[in-house]
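Visitor: model the structure of this input:
(one chain, ligands or ions: 3)
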Amino acid sequence: MAFFASSLSPSYSLPNLPSKPNKFFTKIHPFSFLQRPPISRPRCSLPFQGRESLNFNLLASVTTADVLLDEAVEEVQLPKGDTWSIHKFGGTCVGTSERIRNVANIVVKDESERKLVVVSAMSKVTDMMYDLIHKAEARDDSYIISLDAVLEKHKSTATDLLEGDDLANFLARLHQDINNLKAMLRAIYIAGHATESFSDFVVGHGELWSAQLLSAVVRKSGLGCTCMDTREVLVVNPTSSNQVDPDYVESSRRLKKWYSENSSDIIVATGFIATTPQNIPTTLKRDGSDFSAAIMGALFKARQVTIWTDVDGVYSADPRKVSEAVILKKLSYQEAWEMSYFGANVLHPRTIIPVMKYDIPIVIRNIFNLSAPGTMICRPDGFENEDGDRVESPVKGFATIDNLALVNVEGTGMAGVPGTASAIFGAVRDVGANVIMISQASSEHSVCFAVPEKEVKAVSAALESRFRQALDAGRLSQIAVIPNCSILATVGQKMASTPGVSATLFNALAKANINIRAIAQGCSEYNVTVVIKREDCIKALRAVHSRFYLSRTTIAMGIIGPGLIGGTLLDQLKDQAAVLKEKFNIDLRVMGITGSKTMLLSDTGIDLSIWRDLQKEQGEKADMQKFVQHVHGNHFIPNTAIVDCTADSHVASRYHDWLRRGIHVITPNKKANSGPLEQYLKLRTLQRQSYTHYFYEGTVGAGLPIISTLQGLLETGDKILRIEGIFSGTLSYIFNNFVGARTFSDAVKEAKVAGYTEPDPRDDLSGTDVARKVIILARESGLKLELADIPVQSLVPEPLKDSASPEEFMEKLPQYDQDLAKQRQEAEAAGEVLRYVGVVDVVNKKGTVELRRYKKEHPFAQLSGSDNIIAFSTQRYEKQPLIVRGPGAGAEVTAGGVFSDILRLASYLGAPS
Ligand SMILES: NC(=O)C1=CN([C@@H]2O[C@H](COP(=O)(O)OP(=O)(O)OC[C@H]3O[C@@H](n4cnc5c(N)ncnc54)[C@H](OP(=O)(O)O)[C@@H]3O)[C@@H](O)[C@H]2O)C=CC1
Ligand SMILES: N[C@@H](CC=O)C(=O)O
Ligand code: NA
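Guide: Ligands and ions are numbered 1, 2, ... in the order given. Take a look at the predicted model:
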């Protein structure tokens, strides 16, 4: 009583002690410890202390408590191992009477021979209990009302769940407990202070009540079920880092005794609470109920521990940041530790240690979604897919930490000087800052490390002061702070022993245009950490996540020019989208479509089945800058591609800027590659120097593989001598069909209707379109030619060259049919046909475009429809040229060629082939 005597004024009286302690407190009477001096420990129960202490505790637990675990479990003589399954239900799982019923249902349905169920307090109850203590400590009388609310909550839940004797027994105990609590809180009120033991005693009631309720509901189903107050069994010792270590020897001794008196195939046990070896109530601290379940799993040598929660399992990345994050089916114990460090919804590492010792799998499952199989945390060797093949991905998950700063300590005076690192980190420790990662190259000229942004000022001041002399003497050149950083960590046990994982990781970041400031990888290789700019963080997370096949290769696309080719492309994308997603993991999202007047934007991807209607209904005024910003500026998708389906040279003049900004460009528009040589060379140089791609197969021969064939020949060391052929689908069609009674203008009209012509058919008839293709191939072959260097024979009648519009041109064209009819007759008379050809003469560094006559047997005379034919004469194909032939114009084949460039891009970005 000395404890109270010194702190009470004479007018206060001691609370009435309960005359008969209830069953749950027989071994640890609430007031039994009032007589004993409480163990000296910091007052408040310890919440999560941050990452350093977390890792420290992990080691501490492995080295001390774990050693004892082995002998202890041997000692417990319970029905043989493998027969017990452990379930743990958190507060939300037992938050209402309906949910308690649901939990009872799950327990009853579990087909395991024996089950031990660990429960937390009903949701919010632990907070309500702490609130009681705080109010009593503050001498706030309203603690009485709050205690009534606690009573009411459990009373109404019990009334809902139980009836008859069950209800009467529960309520009798509840009232008795509330009376005891009233006395205890009164004592706290008088003292104005609660020891940690007092708090733990009060708070633990939440678990006692939920365990009693659940066991009573399970018994209602006709099964035997015992309730375990784990303070009778679970003995723990405080650690220096304000956590607790289980005393497995003593716990198993007590468990043996408890089980001999309470043997049952179903046990409902209180989570979170435990006792000290001196029988003083205590708690297992943060995530205590998970820890209770894991310790029980070890003591019982259970076959499995299932932790029931309200999420489907552990995600590969924060699903709020990566919409395609997936639930990981399996994680190794080590991977679970790593992920939990980053706040992923994984168990606290100390929870894993007891079960890891016996290879007991822990399964995290969603009580609100029983169809989800959850995540199993187990030994990595057992990772197999349904067919029995080992298919473990080397990378499991990604996580980020924001609001960091990098500190870089640099100078020649550091190299080979023992104690520098110790001095640096000693100074950091002295200001109480938490070092999150460290990196030092072996030249030892600089050490860099990351600390929380809010601590960096103190850190740099401490370092400046500690190294003042070295800085003044020039042995250290600088202590620099790089603010606004984030950490991106890649976690996976198999990263060790799998070459190429870091390469893939860095490659994905490079492709997403993300600069890495610092890198750290321990030799355990479970985690590769990179420091990046904070603004890049989500983009980086998405880029690496998608690269490792955890989600699809996603490309944000902007389509410019939804005319004939652009429109057909959009339709093809719509038709193929599902196949690409399912079979090739490619997710192409059209985030914007723009013409010259209106544009349509979407944040998540335009529904391509109705894009034409949407464009009409929701289209806004076209604005190229806004369009590009929208398509590229979103943070959901790591890769952006703009597809230019116009014939516009202003649009083409923007490619350089787009590529520079990391936007991939794909186009059938010939203007960029056949425009001014200087701009072309600048564009290609940029493209070759960056990881950004520029594909333009559609510019020559539409969907035919002309550019790729030429590039393939050049890249493999062949030497191009001459490229000759019919490059215009329009002109090919016209001369293939300019036969019999058909006039020249009829054939032109038909080519236009068929979609072979340029937006302005004069570009075809003038030979400009062919000249552009000749230039494109000539430049690809290394010639430095301008469009004006190509002599072109135009088929546009002189008077129509300046027609106001394509329509006017088409209208007047029949007036000039005679001229070509005459040329055709002359050719026919000589057994020949007219063909419009282009030539790239690489040897003589020149190109030509002209209308020629060929014998009827010549391959160029054998074409039909819009066929192109292109003959490559090279060093390897000298005698017999390599020939590519097929339809070289038209909506479907051209859009198909553009589509194929898009898929090439996806494959370069990592989609499976
Ligand atoms: N037809 C074919 O067989 C082949 C065509 N190509 C190339 O494909 C490209 C498209 O041809 P095609 O589809 O037939 O042409 P269309 O005239 O049918 O379509 C052109 C589209 O570009 C848009 N556009 C024009 N200028 C701009 C601008 N400044 N900003 C935004 N949008 C603009 C137009 O929009 P709006 O209507 O709003 O002005 C229209 O949607 C051309 O470069 C052509 O050379 C390549 C190989 C084969
Ligand atoms: N108008 C062009 C289309 C392809 O580039 C042609 O006719 O070849
Ligand atoms: Na092509």
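
Visitor: need the contact list for N169.
Guide: A216 (Cβ atoms under 8 Å, 6 or more residues apart in numbering). Yep, even glycine has a C-beta here, placed from its N, CA and C like the rest.

Visitor: distance from the helix or strand where it lies to the middle of the chain?
Guide: Secondary structure from DSSP states H and E places N169 in helix 164-191. Centroid separation for helix 164-191 versus its chain: 49 Å, with Cα atoms, centre = their mean, to the nearest Å.

Visitor: swap in stretch 192-211?
Guide: Using Cα atoms, centre = their mean, the offset of stretch 192-211 from its chain centre is 41 Å.

Visitor: count of residues packed around S609?
Guide: Using other Cβ atoms under 10 Å, S609 has 12 other residues around it.

Visitor: same deal with E111?
Guide: Burial measure for E111: 6 neighbouring residues, criterion other Cβ under 10 Å.

Visitor: ok, now S422?
Guide: The criterion is other Cβ under 10 Å. On that basis, S422 has 10 neighbouring residues.

Visitor: wait, a helix at it?
Guide: Yes. Counting by DSSP: H, G, I helix; E, B strand; the rest coil, S422 is found in a helix.

Visitor: quick check: V631 is in a strand.
Guide: No. Under three-state DSSP, V631 falls outside any strand and is assigned helix.

Visitor: could you give the number of residues near it?
Guide: 27.

Visitor: so it touches I559, yeah?
Guide: No. V631 lies out of contact with I559 (Cβ atoms under 8 Å); the separation is 9.2 Å.

Visitor: identify the contacts common to the two.
Guide: With Cβ under 8 Å, 6+ apart applied, the overlap between the contact sets of V631 and I559 consists of G592.

Visitor: for stretch 185-198, what is the average pLDDT?
Guide: Averaging pLDDT along stretch 185-198 yields 93.

Visitor: just stretch 113-133 next, same as before
Guide: For stretch 113-133, the mean confidence score works out to 95.

Visitor: list the buried residues in it.
Guide: The neighbour-count criterion (16 or more other Cβ atoms under 10 Å) identifies 114-123, 125-126, 128-133 as the buried residues of stretch 113-133.

Visitor: repeat that for stretch 447-460.
Guide: Within stretch 447-460, the residues that qualify as buried by neighbour count (16+ other Cβ under 10 Å) are 447-453, 455-456, 458-460.

Visitor: pull the most distant pair out of the residues you listed.
Guide: V447 and E453 (19.0 Å; Cβ to Cβ).

Visitor: quick one: stretch 246-263 to chain centroid distance?
Guide: With Cα atoms, centre = their mean as the basis, the mean position of stretch 246-263 lies at 45 Å from the chain mean.

Visitor: kindly report the same for stretch 462-474.
Guide: Average the C-alpha atoms of stretch 462-474, do the same for its chain, and the two points are 42 Å apart (Cα atoms, centre = their mean).

Visitor: what about that stretch, start to end distance?
Guide: This stretch, stretch 462-474, spans 18 Å end to end (Cα to Cα, to the nearest Å).

Visitor: list of residues touching it?
Guide: Stretch 462-474 has contacts (Cβ under 8 Å, 6+ apart) with 407, 409, 411, 413, 423-424, 426-428, 430-431, 476, 478-479.

Visitor: next one: D166 from ligand 1, what distance?
Guide: Noted for D166: a distance of 75 Å to ligand 1, by Cβ to the nearest ligand atom, to the nearest Å.

Visitor: pLDDT score assigned to that residue?
Guide: Note for D166: predicted pLDDT of 95.

Visitor: give me the nearest residue to it, chain neighbours excluded.
Guide: A216 (4.9 Å; Cβ to Cβ, 6 or more residues apart in numbering).

Visitor: try V244
Guide: V236 (4.0 Å).

Visitor: wait, that neighbour sits on D245?
Guide: Yes. Taking Cβ under 8 Å as the definition, V236 is a contact partner of D245 at 6.3 Å.

Visitor: looking at those two, which one has more neighbours?
Guide: Set side by side, V236 and D245 show more neighbours around V236, with 25 against 17, by other Cβ under 10 Å.

Visitor: contacts only, for the more buried one.
Guide: Applying Cβ under 8 Å, 6+ apart as the definition, the contact partners of V236 turn out to be 244-247, 274-276, 282, 284.

Visitor: can you put those residues in CSV and add distance to ligand 1?
Guide: Output for the contacts of V236, formatted as CSV (distance: Cβ to the nearest ligand atom, whole Å):
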residue, distance to ligand 1
V244, 67
D245, 69
P246, 69
D247, 75
A274, 70
T275, 75
T276, 76
T282, 71
L284, 64
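
Visitor: just send the residues you listed back as a markdown table, with secondary structure and distance to K155 too.
Guide: Formatted as a markdown table, the entries for the contacts of V236 read as follows, by DSSP: H, G, I helix; E, B strand; the rest coil; distance: Cβ to Cβ, whole Å:
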| residue | secondary structure | distance to K155 |
| --- | --- | --- |
| V244 | strand | 32 |
| D245 | strand | 37 |
| P246 | strand | 34 |
| D247 | coil | 36 |
| A274 | strand | 27 |
| T275 | strand | 28 |
| T276 | coil | 32 |
| T282 | strand | 28 |
| L284 | coil | 28 |
